[in-house]
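A.B. asks: 3D, please:
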Amino acid sequence: MKEQDLLDKVIKSRTALRRVPKNLKTFKVCMTAVRSHAGALEFVPINHKTEAICLEAVKNDVESLKFIPESIMTENICLAAVKNDGNALSLVDEKLRTVKISMAAVENNGESLEFVPESLKTEKICLEAVINNGEALKFVPEHLKTEKICMAAVNSNNRYSAALKFVPDHLKTEELCTKAVNFRGDNLRSVPFSLITQAMCFTAVNNMAGALMYVPEELKTESICLCAIKKSGTTLEYVPAGLKTEEMCLQAIKTSGGYWPFEYIPDHLKTETLCLAAINSIMQDDAYKGSVYKSVYGELHLQTILERIPESVITSSPTLLSTPGNKRFPKAEQLDENMERWFSNKSYSKNDLKNCLINAPLRLKSSNAWKKWALVLDICE
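C.D. replies: Residues are numbered from 1 along each chain as shown. Take a look at the predicted model:
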């Protein structure tokens, strides 16, 4: 077989080198394989596992370190691996985890500090690690957690980190906690109660709506709750009952649709307007109008909302009664009284009343009350 044919094969497939006869596994074929595919080093003969080929392999895939014998492993190979992926330090033999290699690892990925030998965890290495990723603070020895290192962790390159929860309480200052909450709202859960202010809570929920769950009950105000709900209606779950208003619940539905917030709306706030807003949000959703699968999904949500509407509300509204899937209708006598009231005070259109009658169950359609109003509204069935 020509060498070019072999080169073409190892370029196309990672495991092609395994099927190449030993006498044809030349340095060129092996180098081409490891440059082309992660893990191809596994099939390179020991006599061709030179530093050059191993360096090429770990630059392509740090897992290749597993296939390098200890006798061949060099500082250069380890450095190349950790510079590619700091967590490759976990694959480096402990005897080779030097200060130089450890520093290169944490500069690439701060959380690789986990794999740095305890004896090498100096202030310098720990500081570099938390600057790269604040959450590396969890791997910093307690005696090295200074104000300087903790502030660096909160101000790290990965500002979305939850570094604050790894800061000892005695080092948590108002300045440190405020910065942490500014970067990530749910860091509020790691702030000592004595340092939490309403301003900090507002910043937290403005930054991340779900942080409302960590706001102390006594510091929750209508403005803080509304700020969270405008970002995510599902946070209605964390609003105290005494602060929930119809306006707030309507905003939750507007923000996140009717299904998720509706569970957390008290019955006394479930007015016809609010219930219709929840229902309309489902019926106008793509999940309700889309494919068969999505339609079933939407109908389940609609049915759940209908079941959560108080009976007194649903039976006193022809619009709610005529919602597709509604199974709760008043008895014939009550329907007659309701129709009389709706018709006489003209609070609903004739079409609303017609739809209500048309969607009534069969048991009602055989009643005198239904027949009476079918004649009045000119319904033929």
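A.B. asks: Could you pull up the residues touching residue 64?
C.D. replies: 34, 38, 39, 41, 42, 54, 57, 58, 81 (CB atoms under 8 Å, 6 or more residues apart in numbering). Yep, even glycine has a C-beta here, placed from its N, CA and C like the rest.
A.B. asks: Now tabulate the residues you listed in CSV and tack on neighbour count, secondary structure and distance to residue 146.
C.D. replies: Compiled in CSV, the contacts of residue 64 are given as follows (neighbours: other CB atoms under 10 Å; DSSP: H, G, I helix; E, B strand; the rest coil; distance: CB to CB, whole Å):
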residue, neighbour count, secondary structure, distance to residue 146
34, 31, helix, 44
38, 14, coil, 40
39, 17, coil, 42
41, 26, helix, 42
42, 15, helix, 44
54, 26, helix, 39
57, 31, helix, 40
58, 28, helix, 35
81, 31, helix, 31
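A.B. asks: Now do the strand or helix carrying residue 101: everything it contacts.
C.D. replies: Here residue 101, judged by DSSP states H and E, is contained in helix 99-108. Residues outside helix 99-108 that contact it (CB under 8 Å, 6+ apart): 75, 78-79, 82-89, 92, 112-113, 115-117, 120, 122, 124-125, 128-129, 132, 136.
A.B. asks: what's downstream of the lowest-mean-pLDDT helix or strand in the chain, the next helix or strand?
C.D. replies: Least confident helix or strand of the chain, by mean pLDDT, DSSP states H and E, is helix 286-289 with a mean of 57. Next in sequence after helix 286-289, counting helices and strands by DSSP H and E, comes helix 292-308.
A.B. asks: following that next one, which helix or strand comes up?
C.D. replies: helix 311-314.
A.B. asks: average pLDDT across that following helix?
C.D. replies: On average, the pLDDT along helix 311-314 is 93.
A.B. asks: mind checking how far the spatially closest residue to residue 168 that is not a sequence neighbour is from residue 136?
C.D. replies: Nearest non-adjacent residue to residue 168, counting by CB to CB, 6 or more residues apart in numbering: residue 145, 5.8 Å away. According to CB to CB, to the nearest Å, residue 145 and residue 136 sit 12 Å apart.
A.B. asks: What residues sit buried inside stretch 51-71?
C.D. replies: 53-65, 67-68 (16 or more other CB atoms under 10 Å).
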